[in-house]
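*Asks:* structure of the sequence below:
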Amino acid sequence: MKLHCDVEVVSRHLPTLGMRNRGKGVRAVLSVCEQTPRSQLPGPRRACLLVSTLKDKHGTRYELKENIEQFFTKFVDEGKATIRLKEPPVDICLSKANSNHLKDFLSTVRLAHRGCNVNVQLSTLAPVKASEFEKFKTKMIITSKKDYPLSKSFPCSLEHLQTSYCSLVRVDMRMLCLKNLRKLDLSHNHIKKLPATIGDLIHLQDLNLNDNHLESFSIDLCQSTLQKSLRSLDLSKNRIRALPVQFCQLRELIILKVDDNELIQFPFKIGQLTNLRFLSAARNKLLFLPSEFKNLSLEYLDLFGNTFEQPKVLPVIKLQVPLTLLESSARAVLGNRIPYDSHNIPFHLCQDLDTAKTCVCGSFCLRSFIQGTANMNLHAVAHTVVLVDNMGGTEAPVTSYFCSLTCYVNSTDTLK
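*Replies:* Take a look at the predicted model:
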């Protein structure tokens with residue numbers, strides 16, 4: 001019987017010698033092995049614990065029968081446990097194990113400790129093959145085309161995969177089967193489009209697509225499980241002109257990099273990214289910032305090299321008096337937070353509601369509004385601000401919307 005996990009063997013003599021353990025485990029294969037062939041030993045089989053690592057494939061053997069002082073299993077559901085041996089006086093600390101496999105393994109070890117007959121197939125005392133460790137790798141970094149695997153699959157246990165400078169023109173579908181993946185780095189390739197199935201990687205926290213040929217970030221990805229998992233997204237050095245309004249549903253984002261693209265505007269609901277702390281969008285074609293940009297609370301902001309326009313003196317007036325039935329209904333639905341989807345109203349109306357503008361008073365407006373622009377000091381939303389231009393400026397134009405003439409008159413100071 002075998003268990004794949006991280007292992008740290010800690011000697012209990014270390015504190016008395018004024019020494020400390022490393023505090024970090026290594027990937028290992030634990031085996032409950034038969035010490036003597038069954039044919040040569042009557043009665044219950046005598047088992048031992050063999051701990052093998054990539055550097056020591058022959059492993060270290062530990063007696064089990066009546067040799068375990070204590071089991072620590074408080075965090076077994078998290079894949080962690082400790083086996084305290086009497087001789088030698090060591091603690092075998094296990095982590096990053098499959099919780100179900102760990103429970104079965106500990107049950108077998110208990111039986112061996114009691115000298116009971118172990119009713120599972122025991123391993124033999126033989127060196128562990130290197131392929132055993134390859135199969136359970138959690139990190140793989142490939143930085144050249146010649147090293148890219150064409151004939152064999154990626155280890156299904158991978159949590160971090162980097163395939164850079166491999167001339168990939170599309171995302172390899174084998175990557176999308178790696179259900180434990182937390183970090184995916186596809187930087188410095190030639191990828192033009194992202195498959196919606198990236199959204200099936202339910203644990204993905206860090207996605208790096210720097211230096212590719214992307215022209216968009218799809219709505220399907222914005223509405224996938226990435227909404228709950230994605231923390232860091234790097235879209236720098238691509239060809240993206242706009243991000244969909246649904247992009248703001250990725251509300252767990254902390255880091256967003258979109259430098260060196262062709263962005264002409266941010267999603268106007270960007271203020272919904274309440275967890276965002278690092279935003280870099282240097283060297284794009286931004287003309288102004290959306291009104292909800294003022295709702296952000298950033299630690300770092302870089303908007304250097306954008307072509308910001310000077311605020312317009314006169315506002316754009318699109319007021320409709322009286323309000324149309326569509327406008328009145330939309331304001332009522334959004335103002336009262338009435339849930340809606342394409343199952344109870346037409347899809348195009350859902351899109352209208354999704355793209356409604358927020359007035360400075362907090363109300364909503366669809367097609368009847370006044371639009372004004374004013375400069376804002378970016379230090380109002382970020383602790384650290386990279387200069388917007390070579391002249392030392394930290395201001396940028398922000399667009400504001402007003403649902404009525406009254407709101408506009410009461411807020412004229414914001415446009416000065």
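*Asks:* all helices for the stretch 201-350 of the chain, in order.
*Replies:* 219-222, 226-229, 325-335, 347-354 (DSSP state H, counting those that start in this stretch).
*Asks:* and those helices: which comes nearest residue 151?
*Replies:* helix 219-222 (29.6 Å; CB to CB). (Glycine included, C-beta is placed from N, CA and C.)
*Asks:* in the closest one, what's buried?
*Replies:* By neighbour count on 16 or more other CB atoms under 10 Å, the buried set for helix 219-222 is 220, 221, 222.
*Asks:* which of those residues sits closest to residue 144?
*Replies:* Proximity of these to residue 144 (CB to CB) peaks at residue 221, which lies at 28.0 Å.
*Asks:* relative to residue 246, how far out is the closest one?
*Replies:* Going from residue 221 to residue 246 by CB to CB, to the nearest Å gives 9 Å.
*Asks:* next: residue 55.
*Replies:* In terms of CB to CB, residue 55 sits 49 Å off from residue 246.
*Asks:* what does residue 253 give?
*Replies:* In this view, residue 253 and residue 246 are 13 Å apart by CB to CB.
*Asks:* and what of residue 379?
*Replies:* Residue 379 is 29 Å from residue 246, where distance means CB to CB.
*Asks:* who has more neighbours, these two?
*Replies:* Counting neighbours by other CB atoms under 10 Å for residue 379 and for residue 246 shows that residue 246 has the greater number, 20 against 12.
*Asks:* residue 220 is in contact with that one, correct?
*Replies:* No: using CB atoms under 8 Å, residue 246 is not in contact with residue 220; the gap is 9.1 Å.
*Asks:* would you map the strands across the stretch 1-150 of the chain?
*Replies:* 2-11, 26-34, 47-53, 60-63, 68-72, 81-85, 90-95, 139-142 (DSSP state E, counting those that start in this stretch).
*Asks:* export the ones you listed as TSV, with columns for mean neighbour count.
*Replies:* Below are the strands of the stretch 1-150 of the chain laid out as TSV (neighbours: other CB atoms under 10 Å):
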stretch	mean neighbour count
strand 2-11	18
strand 26-34	22
strand 47-53	22
strand 60-63	17
strand 68-72	14
strand 81-85	21
strand 90-95	20
strand 139-142	14
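*Asks:* the nearest residue to residue 83 once chain neighbours are set aside pairs with what?
*Replies:* Nearest residue to residue 83 in three dimensions, chain neighbours excluded: residue 92, at 4.5 Å (CB to CB, 6 or more residues apart in numbering). Assessed by DSSP bridges, residue 92 has beta-bridge partners residue 9, residue 83.
*Asks:* check the gap between residue 92 and residue 79 for me.
*Replies:* Counting by CB to CB, the gap from residue 92 to residue 79 is 15 Å.
*Asks:* and if you look at residue 71?
*Replies:* Residue 71 is 15 Å from residue 79, by CB to CB.
*Asks:* quick one: contacts for residue 410?
*Replies:* Residues counted as contacts of residue 410 (CB atoms under 8 Å, 6 or more residues apart in numbering): none.
*Asks:* tabulate the CA atom coordinates of stretch 166-183 in PDB.
*Replies:* Only the C-alpha atoms of stretch 166-183 are listed here, as PDB (Å, rounded to 0.1, in the frame of the first residue of the first chain):
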ATOM      1  CA  CYS A 166       6.600  27.400 -26.900                       C
ATOM      2  CA  SER A 167       5.000  29.100 -30.000                       C
ATOM      3  CA  LEU A 168       1.500  27.900 -28.900                       C
ATOM      4  CA  VAL A 169      -1.200  29.300 -31.200                       C
ATOM      5  CA  ARG A 170      -4.000  27.800 -29.000                       C
ATOM      6  CA  VAL A 171      -4.500  26.500 -25.500                       C
ATOM      7  CA  ASP A 172      -3.700  22.800 -25.300                       C
ATOM      8  CA  MET A 173      -6.900  21.000 -24.300                       C
ATOM      9  CA  ARG A 174      -4.900  18.600 -22.200                       C
ATOM     10  CA  MET A 175      -4.200  21.500 -19.800                       C
ATOM     11  CA  LEU A 176      -8.000  21.900 -19.300                       C
ATOM     12  CA  CYS A 177      -8.100  18.400 -17.700                       C
ATOM     13  CA  LEU A 178      -5.800  19.500 -14.800                       C
ATOM     14  CA  LYS A 179      -8.500  20.000 -12.200                       C
ATOM     15  CA  ASN A 180      -6.100  20.900  -9.400                       C
ATOM     16  CA  LEU A 181      -4.500  23.700 -11.400                       C
ATOM     17  CA  ARG A 182      -4.100  26.900  -9.400                       C
ATOM     18  CA  LYS A 183      -1.600  28.800 -11.600                       C
END
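*Asks:* mind listing what's buried in that stretch?
*Replies:* 166, 168, 171, 172, 175, 176, 178, 181, 182, 183.
*Asks:* first to last residue in stretch 371-389, what's the distance?
*Replies:* Using CA to CA, to the nearest Å, the end-to-end distance of stretch 371-389 comes to 26 Å.
*Asks:* of all the helices of the stretch 201-350 of the chain, which lies closest to residue 127?
*Replies:* helix 226-229 (39.0 Å).
*Asks:* mean confidence for that closest one?
*Replies:* For helix 226-229, the mean per-residue pLDDT is 95.
*Asks:* try stretch 254-268
*Replies:* Rounded mean pLDDT across stretch 254-268 is 95.
*Asks:* now stretch 301-310
*Replies:* Mean predicted lDDT for stretch 301-310 stands at 92.
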